[in-house]
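[1] model this:
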Amino acid sequence: MSEAKDVVEKPQADIQAAQKPERVLQPPVDICEDGAGINLWIDMPGVSREHLNIQVDRETLLIEGQANIDMPEGMKSLYADIRSTHYRRSFALSSELDTETIEAAMKDGVLNLRIHKKPESRPRKIEVVTG
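    Okay, here's the model as predicted:
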């Protein structure tokens, strides 16, 4: 009975905060393909390597990151264009891509992923022999 009483006495603001879904930013991405694979450049300003999560599950690539925006001591934000610091983006990957050899690098707030094609999916030149 005391558990029900605790729920009833919760302030309305706490209840509303628990019901709101977390805001997530969908970072812009540039994708380029060449004969050997694809490159993705994902803008994730403020995300450090420690707060980055990259996962592959079968043919789905999931990228998540948490940005740390530190305010100088004694200051508070009066206005912010960005209301969330959580990034999330997912992609369906082609079966011709080798998800075991994904390379990732982060520089200046831009995550670069290199996903190679499986050897059997890469274009190759056929040598013609005469005689």
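[2] got the buried residues for the strand ranked longest in the chain?
    Criterion DSSP state E: the longest strand present in the chain is strand 47-57. Neighbour-count burial for strand 47-57, counted by 16 or more other C-beta atoms under 10 Å, picks out 47, 51-52. The C-beta positions use only the backbone N, C-alpha and C, and glycine is treated the same way.
[3] Just give me the closest of those to G65.
    Minimum separation from G65 among the buried residues of strand 47-57 (C-beta to C-beta) is found for V47, which lies at 3.7 Å.
[4] Find the centremost residue of the chain, please.
    For the chain, the residue nearest the mean C-alpha position is I63 (2.4 Å; C-alpha atoms, centre = their mean).
[5] Going by secondary structure, that residue is in what exactly?
    Using DSSP states H and E, I63 sits within strand 60-67.
[6] can you redo the buried residues of strand 47-57 as a markdown table with pLDDT and distance to S94?
    A markdown table is the format used below for the buried residues of strand 47-57 (pLDDT from 0 to 100; distance: C-beta to C-beta, whole Å):
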| residue | pLDDT | distance to S94 |
| --- | --- | --- |
| V47 | 91 | 26 |
| H51 | 92 | 29 |
| L52 | 94 | 23 |
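[7] wait, which of those residues is closest to L97?
    L52 (20.3 Å).
[8] what sits against that closest one?
    Shown in contact with L52 (C-beta atoms under 8 Å, 6 or more residues apart in numbering): 44, 63-65, 106, 111.
[9] Could you identify which of those has the most neighbours?
    Neighbour counts for those, by other C-beta atoms under 10 Å, peak at G65, which reaches 25 neighbours.
[10] where in this protein is pLDDT low?
    Judged by pLDDT under 70, the chain has its weakly predicted residues at 1-22, 81-84.
[11] The nearest residue to N39 once chain neighbours are set aside - how many residues pack around it?
    Spatial nearest neighbour of N39, chain neighbours left out: C32 (5.0 Å); criterion: C-beta to C-beta, 6 or more residues apart in numbering. When neighbours are counted by other C-beta under 10 Å, C32 registers 9.
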